[in-house]
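>>> here is a sequence with its predicted model. Questions after.
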Amino acid sequence: MSILIDERSRVLVQGITGREGMVRTRLMRDYGTQVVGGVTPGKGGGEVYGLPVFDTVEEAWETVGPLDASVIFVPAALVKDAALEAIDAGVKFLTIVPDRVPIYDVLEISRRALQKGARFVGPNTLGLLSPGKAALGMIGGRAETARQWFRPGNVGVTSRSGGMTSAMAYYLTQAGMGQSTIVHVGGDSVVGTAHPEVIELFQHDEQTEMVAMFGEIGTTQEERVADLIEQGKFTKPLIAFIGGKAAKSGTRFSHAGAIVEGTRGSYASKVERLRSVGVHIAESIFDIPKIARRLSL
């Protein structure tokens, strides 16, 4: 199994005729993702790599059939309208790639998604990938690279950093340990599907036997993961590497969502809380495959 996507997922690309949309559509298709069409208002009737382009998500749904997921590659100011259009049309899972999406727009998307029973990853995300099955977004860069770096296996990966998402999975692969699904939750302070939600999905995934998580200073995502473990809602081994060890209060580290405010969201508070519930703390990224290998014995 895998979480969120697999080879059967029918995918739409919003913003497919833009430069980024075209390049990433090719990546997804070449990897094996079942991309069935795209949307760019005003350019309906055209094609991109043989895929039909529609003016609206509703038109796409009526023409090519039900859509499981949409990947959004539009300017940040247009993300809210694109996301709400997809959700209202019946799409249940969105990958919102652009960064600099206004927080209030994200909150409005979250509210509509909750009302409609939908879910989204991002914004400010590379996307996600289930090795050998499907990729959404831009993770891996090229299909051939994604096939080399990521291999099917039983380690789930969830990360707040795009670079660390790929790096963790790559080093696990090099150590002979494949991945079930790789998720970049996004680097902003407000995201649709954060670490706790991803962790719960991994808990119910039969393929996933352990999880590797990259966290960082700022927000309470990692502390909420610890809460899940304490409540017995996540029982599989968890390896965590937390970035921002040297950051001081008031320092922004790496991403919009990574900022220390007093003691809240600090490196020390996160590590202490995770350790208190039995999480295996990695001191460097290179420790992750070592710990994973030990846990798999």
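Done, it's in.

>>> and the strands in this structure?
Counting by DSSP state E, the chain has strands at residues 10-14, 34-39, 47-48, 51-54, 69-72, 93-96, 119-121, 127-130, 134-137, 152-159, 179-184, 210-216, 238-243, 280-281.

>>> contacts for the fifth one next, please.
Right, strand 69-72. 5, 9-15, 24, 28, 57, 79, 82-83, 86, 91-98, 122, 127, 136-137 (C-beta atoms under 8 Å, 6 or more residues apart in numbering). Every residue, glycine included, has its C-beta placed from N, CA and C.

>>> shaky segments in the protein?
Scanning the chain for pLDDT under 70 picks out the ranges 246-264.

>>> break it down into its domains, please.
The chain breaks down by automatic domain parsing into domains covering 1-125, 150-297.

>>> and A143, which of those is closest to it?
Set against A143 and scored by C-beta to C-beta, the domains of the chain come closest in domain 1-125, at 3.5 Å.

>>> next one: that closest one to chain centre, how far?
Computed by C-alpha atoms, centre = their mean, to the nearest Å, the chain-centroid distance of domain 1-125 equals 14 Å.

>>> okay, how far is it across that domain, tip to tip?
Counting by C-alpha to C-alpha, to the nearest Å, you get 23 Å between the two ends of domain 1-125.

>>> with stretch 7-26 instead?
In stretch 7-26, first residue to last residue: 16 Å (C-alpha to C-alpha).

>>> stretch 143-151: which residues count as buried?
Under the neighbour-count criterion of 16 or more other C-beta atoms under 10 Å, stretch 143-151 has 143, 146, 149-151 buried.

>>> what's the answer for stretch 217-227, then?
For stretch 217-227, using 16+ other C-beta under 10 Å, the buried residues are 217-223, 225-226.

>>> right, and the domains of the chain - which one's nearest G132?
It is, among the domains of the chain and with distance given as C-beta to C-beta, domain 150-297, at 4.5 Å.

>>> what is the end-to-end distance of that closest one?
21 Å.

>>> quick revisit: and P131, which of the domains of the chain is closest to it?
When the domains of the chain are ranked by proximity to P131 (C-beta to C-beta), domain 150-297 comes first, at 4.5 Å.

>>> chain center to the closest one: distance?
12 Å.
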